[in-house]
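1. Provided below are the primary sequence and the corresponding predicted coordinates.
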Amino acid sequence: MYDKFKSQIAFDEKLGVGALYGSSEDVDLFLKLFEMGERFIFTNDIYTYHPKKTSAYNDLALNKIILRFKNYSSGFAYIIFKYKLFLFIPEYLLRTLGAFILFFLKFKFKLSFAYLMQFFIRIQILLMFLLHKKLYLKN
C-alpha cells in the first residue's frame, strides 16, 4: 500500500507558498488521490494544529494583507476549476462577505476592508479562470 501511495504523490507545482497560485497544494493532492481510487476515513483522533489567527494581521499593512488573501484565493479558485467543483463558488464568495461584516462589527476596519477587497479579487480570479481554460487544465 505504501509503495503505491508513494508512487502517486506528486504535487502540482503551480500550487503552494511561493508558487503561481499560493495555496491548496494539499487539497489538490487529496483530490488527485481520490480520483485515482484511493479512499479516506475521517477520524477525530488525529488533529493538525493549523490556527487561523487574525491577530497575525494586526501589524501587517493593508496592502500586504490583501496580497496574502489574493494568494490564498487564487489557489482555491484553481482547484475549483481544475476539478470542476463549481458548487463551491457561492461559498468561496460569500465567506469573504461574512468576514467583512463580522470584522466591521468588531470595529476591526482594516481587516474588514481587506475581506471586502478579497470578495472583489475573488470575482476577478473566477473570471480569469472562466475566460482562460489553459490556466487550470490538468497536467
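-> Yes, it's here. Numbers count the residues shown, from 1 in each chain.
2. part of a helix, is Q118?
-> Yes - assessed with DSSP: H, G, I helix; E, B strand; the rest coil, Q118 lies in a helix.
3. contact partners for it?
-> Contacts of Q118 were listed using Cβ atoms under 8 Å, 6 or more residues apart in numbering, and they are I66, F69, K70, S73, T96, A99. For glycine as for every other residue, the C-beta is placed from the backbone atoms N, C-alpha and C.
4. how does it look with 7 Å?
-> By Cβ atoms under 7 Å, 6 or more residues apart in numbering, the contact list for Q118 reads F69, S73, T96.
5. low pLDDT regions in this structure?
-> Filtered on pLDDT under 70, the chain yields the residue ranges 1-6, 8, 47-52, 138-139.
6. which stretches in it count as helices?
-> 2-8, 25-35, 62-82, 89-105, 109-131 (DSSP state H).
7. make a markdown table out of those and add distance to G16.
-> Output for the helices of the chain, formatted as a markdown table (distance: least, Cβ to Cβ, whole Å):
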| stretch | distance to G16 |
| --- | --- |
| helix 2-8 | 18 |
| helix 25-35 | 4 |
| helix 62-82 | 8 |
| helix 89-105 | 19 |
| helix 109-131 | 17 |
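8. nearest residue to the spatially most central residue of the chain in space, please, no chain neighbours.
-> Residue closest to the average C-alpha location in the chain (Cα atoms, centre = their mean): F76, at 3.3 Å. In space, and not counting its chain neighbours, F76 is closest to S24: 5.1 Å by Cβ to Cβ, 6 or more residues apart in numbering.
9. need the phi and psi values for G18.
-> Here the main-chain torsion angles of G18 (degrees, to the nearest 10) amount to phi 80, psi 0.
10. can you start the count at 208 instead of 1 from here on
-> All right, first residue 208 from here; so that's G225.
11. and it, how many neighbours does it have?
-> Applying other Cβ atoms under 10 Å, we find 6 residues neighbouring G225.
12. and it, how far is that from E232?
-> According to Cβ to Cβ, to the nearest Å, G225 stands 11 Å off from E232.
13. equivalent analysis for K260, please.
-> The value you get for K260 to E232, if Cβ to Cβ is used, is 21 Å.
14. pick out whichever of these two has more residues nearby.
-> The neighbour comparison of K260 against E232 (other Cβ under 10 Å) goes to E232, with 19 against 7.
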